[in-house]
Structure formats: C-alpha cells, structure tokens
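Colleague: when you get a sec, could you give me coordinates for this:
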Amino acid sequence: MSLFPDTFGIAAGALDAMLVPAPLRIESGIERLPSGVVRVAVRTDLPNCKGRMLDWWFKEFETNEHLLMWHPVDHVEHRGWDAQWRKGQSYVGATIRAVESLGDIPPVAAVIRFHDPREAFSPGAYDAACNRGDASLAVIARIGFGDDVELDAAGDPLQGAMVHVVRDTPFGAVLRSCFLLGPAHGHVVPDAVALGLLQHCSSEFGYLSRCLPSLYWADPANRADVPTMW
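Modeller: Reported below is the predicted structural model:
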C-alpha cells in the first residue's frame, strides 16, 4: 500500500532520497509540482535528541499542555486521538485532530492519520536505511486542514501527506520533513500557506528539541541511558 494516491502526482519511492544523508537539492523550501501539488521541505537540527525520543513522544502526547510544549505560539487546541491510538504503544493507524496556526496564518483545524512508515518509500528502503544507521525513525501520515476535511473510505484525509525522517548524529539528530499539499475543493494551496507550514514545522520541532530529552528521561521506562551531568 502506498501513502500517495495518484492525485498527489508522486509515486511511492520518490522520497527515498530522504533516507540518504547526502544533501538534497531542496532541504528547506517549497516547490509546485506539475500536478499542482505543493511540496514543502524542512530540515531541522534536533540537538541532544534521538529518533527513539520522537517515537516515544508520538506515543505519549495527549493534552493541550503537551501541544504547548511542542509549540507555545502556534498550537491552540488538542481535540483528541481516536480509539486506534494506544498510549505508550502505538500511533500507527490512529487519527488526531487539533487546531494550530501556520506561522502568520490564523488558527485552522487539522486532521492527521498516521501510517506505517514503509508506505512512503520503495520496498525495503526504510528498513535498509535503519540498518545502515541512515535513519532512526520515520513518521508518516495523511493530512488535511480546515473544518470540512474530505476523507476517503479508510478515514484518510485526501488533501495531503506528511513524511518525517529522523537520522541520529553525534550531536543529536537531524529531522527531514516533507509535506505534499494537493488542491482542496478545487483551489490550489497558496504559496503563503506552504511557507507558513515550513515556518511552523521548523519552529515546532525546534521548540520540542529543547525539552524532549528531559521529558523522555522522566519516563521510568527510559532511565537506562540517562547521561550523567556531573
């Protein structure tokens, strides 16, 4: 199964380059594909963080307070996970609803349904990258914005997709993010919205990286690798 329907104008496997440490032509920026889909790329350094910490975060955050830790300016309201989310265990297959701003764009409702990370890449590519140490985590989802997000029969938003790839480094981790935003209700996504999403993504993971290690180690299950500060 692929994360990308034909309307996105991109095939599964087209994002395999995100799994390779070598620089991409666009690490942070936007481009409009021939299909009319806008592609948003974001690169964010995560000092002192690791992929396992991001994986833990997606299994744990569930309140407005958590969202404000993640982005104290743009995040407005956590409207809840559906029954597929299992705290401390899994977010794959689950849907979250929230309200957030995109930079200077006023607050808007969002629907995000998470998928198995392998669905974003060609067969075997993600596992091979993890085995090489070129990736430590991928978080992927179908996404939609607005009060009337159109869903398919499986509950996936039809408007867009999101791919995050984490690579651990000696300094912490590097996060590569990619968003694909298709036309909604016959209207293409303006550049201003795409740039607002770029700003929002870079900021939210920048904020999170400042507090995530302590939040992660505060969980008794993660005490084994707490570094000594003295």
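
Colleague: where does the residue nearest to Gln84 when sequence neighbours are not counted land on pLDDT?
Modeller: Nearest-residue entry for Gln84: Ala94, 4.0 Å, with adjacent residues in sequence omitted and distances by CB to CB, 6 or more residues apart in numbering. Any C-beta I mention is one placed from the backbone N, CA and C, and that applies to glycine too. The predicted local confidence for Ala94 comes out at a pLDDT of 98.

Colleague: got a list of what the closest residue in space to Asp74 that isn't next to it in sequence touches?
Modeller: Closest residue to Asp74 apart from its sequence neighbours, by CB to CB, 6+ apart: Ser101 at 4.3 Å. With contacts defined as CB atoms under 8 Å, 6 or more residues apart in numbering, the neighbours of Ser101 are Val73, Asp74, His75, Val76, Pro107, Val108, Gly196, His200.

Colleague: for Glu60, same thing?
Modeller: When contacts are counted by CB under 8 Å, 6+ apart, Glu60 touches His66, Lys87, Gly88, Asp219.

Colleague: ok, the residues you listed vs Gly29, which is closest?
Modeller: Distance to Gly29, by CB to CB, is smallest for His66 among the contacts of Glu60, at 29.4 Å.

Colleague: any weak-confidence spans in the protein?
Modeller: 1-2, 5-7, 12 (pLDDT under 70).

Colleague: quick one: the strands in it, in order.
Modeller: Counting by DSSP state E, one finds strands in the chain at the ranges 29-32, 38-47, 75-81, 95-102, 105-115, 137-145, 160-169, 172-181.

Colleague: most neighbours among the contacts of Glu60, which one?
Modeller: In terms of neighbours by other CB atoms under 10 Å, the contacts of Glu60 top out with His66 at 15 neighbours.

Colleague: who's in contact with the residue nearest in space to the middle of the chain?
Modeller: Centroid-nearest residue in the chain: His164, 4.5 Å away (criterion: CA atoms, centre = their mean). The contact partners of His164, by CB under 8 Å, 6+ apart, come to Leu54, Leu137, Ala138, Val139, Ile140, Leu175, Arg176, Ser177.

Colleague: run the last query once more with 10 Å
Modeller: With CB atoms under 10 Å, 6 or more residues apart in numbering as the criterion, the residues that contact His164 are 18, 42, 44, 51, 54, 58, 117, 120, 137-141, 175-179, 201, 205.

Colleague: next: Gly51.
Modeller: The contact partners of Gly51, taken as CB under 10 Å, 6+ apart, are 130, 135-139, 164-168, 173, 175.

Colleague: can you list the residues you listed in CSV and add distance to Gly146?
Modeller: Formatted as CSV, the entries for the contacts of Gly51 read as follows, by distance: CB to CB, whole Å:
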residue, distance to Gly146
Cys130, 35
Ala135, 32
Ser136, 33
Leu137, 29
Ala138, 26
Val139, 22
His164, 22
Val165, 27
Val166, 28
Arg167, 33
Asp168, 35
Ala173, 32
Leu175, 26
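
Colleague: just the closest of the residues you listed to Gly80, please.
Modeller: Val139 (18.8 Å).

Colleague: so the closest one touches Val163, yeah?
Modeller: Yes. The pair Val139 and Val163 qualifies as a contact (CB atoms under 10 Å) at a distance of 7.8 Å.

Colleague: spit out the residues that contact these two alike.
Modeller: Applying CB under 10 Å, 6+ apart, one finds that Val139 and Val163 are jointly contacted by His115, Pro117, Ala120, Ser177.

Colleague: and the last one, how many neighbours?
Modeller: In this case it means Ser177. Burial of Ser177, expressed as a neighbour count using other CB under 10 Å, amounts to 22.
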